[in-house]
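Undergrad: Provide a 3D model corresponding to the input given below.
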Amino acid sequence: MKKKLKAAAALLGLFTIAEVGSSAYFYRRTMKRNKVDVKRTMKMAGTDWNQYASLIGERKQYMMSQPHKDVYCMSDDGLRLHATYFPGSPDSNKVVICFHGYTSEGLNDYIGLSDYYIKRGYGMLLVDERAHGKSEGKYIGFGCLDRKDALVWIHYIIQLCGENVQILLHGTSMGGATVLMASGLNLPVQVKGIISDCGFTSPKYVFTHVLHSMYHLPAFPIIPIADYVNKKKAGYGLDECNAAREVRKATVPALLIHGDADTFVPCAMCHEIYQNYAADKKKLIVKGAAHAESYYKNMAEYEKALDEFIGGVIK
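TA: Modelled structure (predicted):
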């Protein structure tokens, strides 16, 4: 009996070590800047970007031919944050602050939409979220930390463009979660509207979905261990800030966009956030669009939704 108990204890110990090891591996590959990989993320998201390569190339050439410059500000916790600023029309007081997705950067995710905003006279501030691009940071914020950085960038634009500036916040994927989480903050009156494209509720629930759907693994104990470690290292819990809760405090109108074929961030999250959104809201579900593909899948429908929403919030 003693031998059996020792063998069982040893097996349990090995199992525990394996679980802790797999949790640590998941954490490093997901949360630490120097371990995440854009190709892995794109593969997981499952969107076929090759079909849009020609259009993206043309629009990138146009976007980068416009006047622009690098700008910097400091986060509340002392990180030097970077963005690329396109001033837009000199007689316009409209600026859109754009927040990109996980493992991307500001200049990447808004190539297509730059055509929409720049040709309408908007200034564009393309933010590199913390631990991405040229912004400092060791640990990724997943919107939970980035929402406070968004507030810093909002005040930067107000100082740069004056008190009469009218600001839109536009986020995609992790950036969508960022702007939705920011909706629960005390936003300046200059922020007129929020646009979230395929934003998630919280890192906890999107990680749980990925573990179940792509790796066929249970959330326990990987998520609780990652949550504990992240609180110690990055300073926030994986469900400490949840977009579906934060939007209950929203006072700024929002447009929520999602593709119904999104297997990376389930469309159900969009519906949940929409139901909880406290201020005026609109929703666009793009048929057949995978993750972050809605604009390219149905450009006319997307731009029409933007026209109608922005027409109601920007003078």
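
Undergrad: Spit out the contact partners of Pro188.
TA: Shown in contact with Pro188 (C-beta atoms under 8 Å, 6 or more residues apart in numbering): Ile154, His155, Ile158, Ile167. Backbone N, C-alpha and C define where each C-beta goes, glycine included.

Undergrad: export those residues to a markdown table and tack on pLDDT, distance to Met299 and secondary structure?
TA: Below are the contacts of Pro188 laid out as a markdown table (pLDDT from 0 to 100; distance: C-beta to C-beta, whole Å; DSSP: H, G, I helix; E, B strand; the rest coil):
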| residue | pLDDT | distance to Met299 | secondary structure |
| --- | --- | --- | --- |
| Ile154 | 98 | 28 | helix |
| His155 | 98 | 33 | helix |
| Ile158 | 98 | 31 | helix |
| Ile167 | 98 | 24 | strand |
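
Undergrad: of those residues, closest to Ile222?
TA: Of all the contacts of Pro188, Ile222 sits closest to Ile154, with 35.2 Å by C-beta to C-beta.

Undergrad: Count the residues that sit near that closest one.
TA: Neighbour count of Ile154, defined by other C-beta atoms under 10 Å: 22.

Undergrad: now do the one 10 residues further on
TA: Asn164 has 8 neighbours, counted by other C-beta under 10 Å.

Undergrad: Output stretch 179-191 in PDB, but only the C-alpha positions, please.
TA: What follows is stretch 179-191, C-alpha atoms only, in PDB (Å, rounded to 0.1, in the frame of the first residue of the first chain):
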ATOM      1  CA  VAL A 179     -11.500  51.600 -26.500                       C
ATOM      2  CA  LEU A 180     -14.400  49.700 -24.900                       C
ATOM      3  CA  MET A 181     -12.600  49.400 -21.600                       C
ATOM      4  CA  ALA A 182     -11.800  53.200 -21.900                       C
ATOM      5  CA  SER A 183     -15.500  53.900 -22.200                       C
ATOM      6  CA  GLY A 184     -15.800  53.300 -18.400                       C
ATOM      7  CA  LEU A 185     -13.300  56.100 -17.600                       C
ATOM      8  CA  ASN A 186     -14.000  59.800 -17.200                       C
ATOM      9  CA  LEU A 187     -13.500  60.700 -20.800                       C
ATOM     10  CA  PRO A 188     -13.100  64.400 -21.800                       C
ATOM     11  CA  VAL A 189     -16.000  66.000 -23.600                       C
ATOM     12  CA  GLN A 190     -13.900  66.100 -26.800                       C
ATOM     13  CA  VAL A 191     -14.400  62.300 -27.200                       C
END
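
Undergrad: Give the buried residues for it.
TA: For stretch 179-191, burial by neighbour count (16 or more other C-beta atoms under 10 Å) applies to Val179, Leu180, Met181, Ala182, Ser183, Gly184, Leu185, Leu187, Gln190, Val191.

Undergrad: Restricted to helices, list these.
TA: Val179, Leu180, Met181, Ala182 (DSSP state H).

Undergrad: CSV for the residues you listed, including distance to Phe264 and pLDDT?
TA: Below are these laid out as CSV (distance: C-beta to C-beta, whole Å; pLDDT from 0 to 100):
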residue, distance to Phe264, pLDDT
Val179, 18, 98
Leu180, 17, 98
Met181, 18, 98
Ala182, 22, 98
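
Undergrad: Name the spans of this protein whose pLDDT lies under the cut-off.
TA: Residue ranges of the chain with pLDDT under 70: 1-26.

Undergrad: Roughly how far does Cys144 sit from Phe200?
TA: 11 Å (C-beta to C-beta, to the nearest Å).

Undergrad: Start and end of stretch 91-107, how far apart?
TA: Length of stretch 91-107, first residue to last, C-alpha to C-alpha, to the nearest Å: 24 Å.

Undergrad: which residues does Ile314 contact?
TA: Going by C-beta under 8 Å, 6+ apart, Ile314 touches Lys94, Gln166, Leu168, Lys192, Gly193.

Undergrad: go with 10 Å
TA: Listed by C-beta atoms under 10 Å, 6 or more residues apart in numbering, the contact set of Ile314 reads Asn93, Lys94, Val96, Arg120, Tyr122, Gln166, Ile167, Leu168, Lys192, Gly193.
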